[in-house]
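Asks: Mind looking at a prediction? Sequence and model below.
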Amino acid sequence: MSVTTVRLQPDIEENLGAMTEKLQRSKSWLINQALREYFERQELEQARWQETLQALESVAQGRIVSGEAVDAWLQSWGTENELSPPKRGQ
C-alpha cells in the first residue's frame, strides 16, 4: 500500500474527523472508501454516457420504436389481449 499526502480544506478535515468518530473508522479507511465510491460512480457515469451516445446513434439511423406502440404494449399487460413487444417502425 502506498502513502499519498493530501491537503484538505479545513471544513473537509473537520467533517472527516467527525465522521471517523461517528463510524469508529480511521481517516485512511474513510478516504479510501470515499475514493472507491467516487471511482465506481465515475465508471457508471461513463458507461451511461456511452449508452446515451449509442442510443442517439440508433435514433439518427431511424432504429426506434414509437412511444404510442410502447404505451399500447404496456397498457395491454395483464389483460386477456396482451400484445407482443413492439418492433422498430411500429
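Replies: All right, it came through fine.
Asks: which regions of the protein lie under the pLDDT threshold?
Replies: 89-90 (pLDDT under 70).
Asks: Let me know the outermost residue of it.
Replies: Within the chain, Glu80 marks the point farthest from the mean C-alpha position, 36.4 Å out by Cα atoms, centre = their mean.
Asks: Could you list which residues are in contact with the most centrally placed residue in the chain?
Replies: Centroid-nearest residue in the chain, with Cα atoms, centre = their mean: Leu44, separated by 4.9 Å. Residues counted as contacts of Leu44 (Cβ atoms under 8 Å, 6 or more residues apart in numbering): none. In short, each C-beta sits where N, CA and C put it, glycine included.
Asks: and it, helix, strand or coil?
Replies: Of the three states, Leu44 takes helix according to DSSP: H, G, I helix; E, B strand; the rest coil.
Asks: Repeat that for the one 4 residues further on.
Replies: Three-state assignment for Arg48 (three-state DSSP): helix.
Asks: could you pull out the strands for this structure?
Replies: With DSSP state E as the criterion, the chain has no strands.
Asks: And the helices in it, which stretches?
Replies: 10-23, 27-60, 67-76 (DSSP state H).
Asks: Output those as CSV; include the columns distance to Ser84.
Replies: Shown next, in CSV, are these (distance: least, Cβ to Cβ, whole Å):
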stretch, distance to Ser84
helix 10-23, 51
helix 27-60, 21
helix 67-76, 8
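Asks: of those helices, which approaches Ser2 most closely?
Replies: helix 27-60 (11.5 Å; Cβ to Cβ).
Asks: Could you list the buried residues of the closest one?
Replies: Across helix 27-60, burial judged by 16 or more other Cβ atoms under 10 Å covers Leu30.
Asks: when you compare where it runs with where helix 10-23 runs, what's the angle?
Replies: Interaxial angle, helix 27-60 versus helix 10-23 (axes from the mean of the first three to the mean of the last three Cα atoms, to 10 degrees): 110 degrees.
Asks: Renumber starting at 32 from here on
Replies: Will do, 32 is the new start, and the previous item becomes helix 58-91.
Asks: Work out the gap between helix 58-91 and the centre of the chain.
Replies: 6 Å (Cα atoms, centre = their mean, to the nearest Å).
Asks: How about stretch 44-57?
Replies: With Cα atoms, centre = their mean, you get 27 Å for stretch 44-57.
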